[in-house]
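A.B. asks: here is a sequence with its predicted model. Questions after.
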Amino acid sequence: MRLAVYTLCLFLGPLAGKAQDTTIRYVRPANVIVKLAPLWLLDPDPSVMGGLEIRTGARTSLQGEIGYGWPDWNNPGSNNRHAGTWRFKSEMRFYRGKYRTNRAKNIRIQTTYPLGNYVAVEAYAKLLAVDHTWRYVDSRAATEQMAVTRQTRFQRNSLSLSVKFGRQVGWTDLAHQATTRLLLDVYGGVGIRFLNQDNKGQWGEPGYQEMSGMFNRFNANGFVVAPTINLGLKLGFAL
């Protein structure tokens, strides 16, 4: 009888182990995450951007971010100068509770907040101003010394609504074989952007010259609706 029970346990034990899910979780739950978005420093309109992700449920959270780019940050001495860039983001996240799944190998690793895959709905607003300077020779002037310098400010505002898919993982401490509270958040998504730019008044300026290079986008006028793609990463620390 004992031999039969022992044999039965040998067969059922591995099956029971395979049927169970492994869950990765923090010993001390995380409710607030401090975030930094370093890739915005490489944007044509560079900004320092950061925010907070606040847990609102077992698998949900709200994330808010704010960013600012200082005037004349990346193009000093140019005829086109940034006059300040503001960015605002608001995001609702839904974590799926899945970290890794491989049915062929019978691997099912679950996670608790804030780790794993997620789906998010995001609203993003950007307020950008650029000062454009140009020189021209007045029709009444006879020499170059009588050239006139003019300057005008362009305002470019946009609002984007997107659906994002991402994955947030913890940095692994190999020495202690544990997941630290440092987080890497990688995401991608698609959405729609509403852009408003009214520069019609500039065309009447004397000797006006259009912008060139990366600033030629400011030569357009009016209201535009277009698709948008989001790709990025953030660094975080779980409090």
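C.D. replies: Perfect, I can see it now.
A.B. asks: output the lowest mean pLDDT helix or strand found in the chain.
C.D. replies: Here the helix or strand of the chain ranked lowest by mean pLDDT, DSSP states H and E is helix 2-19, holding a mean of 38.
A.B. asks: and whatever helix or strand residue 228 lives in, what does it pack against?
C.D. replies: In this structure, residue 228 sits in strand 222-238 according to DSSP states H and E. In terms of contacts (3 or more Cβ pairs under 8 Å, 6 or more residues apart in numbering; DSSP states H and E), strand 222-238 is packed against strand 32-36, strand 147-173, strand 178-197. For every residue, glycine as well, the C-beta is placed using N, CA and C.
A.B. asks: and the pLDDT at the residue nearest to residue 130 when sequence neighbours are not counted?
C.D. replies: What sits nearest to residue 130 in space, not counting adjacent residues and going by Cβ to Cβ, 6 or more residues apart in numbering, is residue 154, at 4.9 Å. You'll see residue 154 listed with a pLDDT of 79.
A.B. asks: residue 154 against residue 127, yeah?
C.D. replies: No: Residue 154 is not in contact with residue 127 according to Cβ atoms under 8 Å; the separation is 12.0 Å.
A.B. asks: neighbour count winner among those two?
C.D. replies: residue 154 (20 against 13; other Cβ atoms under 10 Å).
A.B. asks: name the SS class of residue 39, please.
C.D. replies: helix (DSSP: H, G, I helix; E, B strand; the rest coil).
A.B. asks: test my guess that it contacts residue 187.
C.D. replies: No: contact criterion Cβ under 8 Å: residue 39 and residue 187 do not qualify, at 11.2 Å.
A.B. asks: which neighbours do those two share?
C.D. replies: 232-233 (Cβ atoms under 8 Å, 6 or more residues apart in numbering).
A.B. asks: have a look at these two and say which one is more surrounded.
C.D. replies: Counted by other Cβ under 10 Å, residue 39 and residue 187 do not tie: residue 187 has more neighbours, with 20 against 11.
A.B. asks: show the pLDDT at the more buried one.
C.D. replies: 97.
A.B. asks: OK, contacts around it?
C.D. replies: Contacts of residue 187 by Cβ under 8 Å, 6+ apart are 120, 164-167, 230-233.
A.B. asks: neighbour-wise, give me the winner out of those residues.
C.D. replies: residue 166 (21 neighbours).
A.B. asks: what's across from the closest residue to that one other than its chain neighbours in the sheet?
C.D. replies: Nearest residue to residue 166 in three dimensions, chain neighbours excluded: residue 187, at 3.2 Å (Cβ to Cβ, 6+ apart). Here residue 187 sits in beta bridges with residue 166, residue 232, going by DSSP bridges.
A.B. asks: residue 122 versus residue 187, what's the distance?
C.D. replies: Distance of residue 187 to residue 122, computed by Cβ to Cβ, to the nearest Å: 9 Å.
A.B. asks: what sits in contact with each of those two?
C.D. replies: Joint contacts of residue 187 and residue 122 (Cβ under 8 Å, 6+ apart) are 164, 230.
A.B. asks: rewinding a little: and the angle for the strand holding residue 228 with strand 178-197?
C.D. replies: Using axes from the mean of the first three to the mean of the last three Cα atoms, to 10 degrees, the direction of strand 222-238 lies 170 degrees away from that of strand 178-197.
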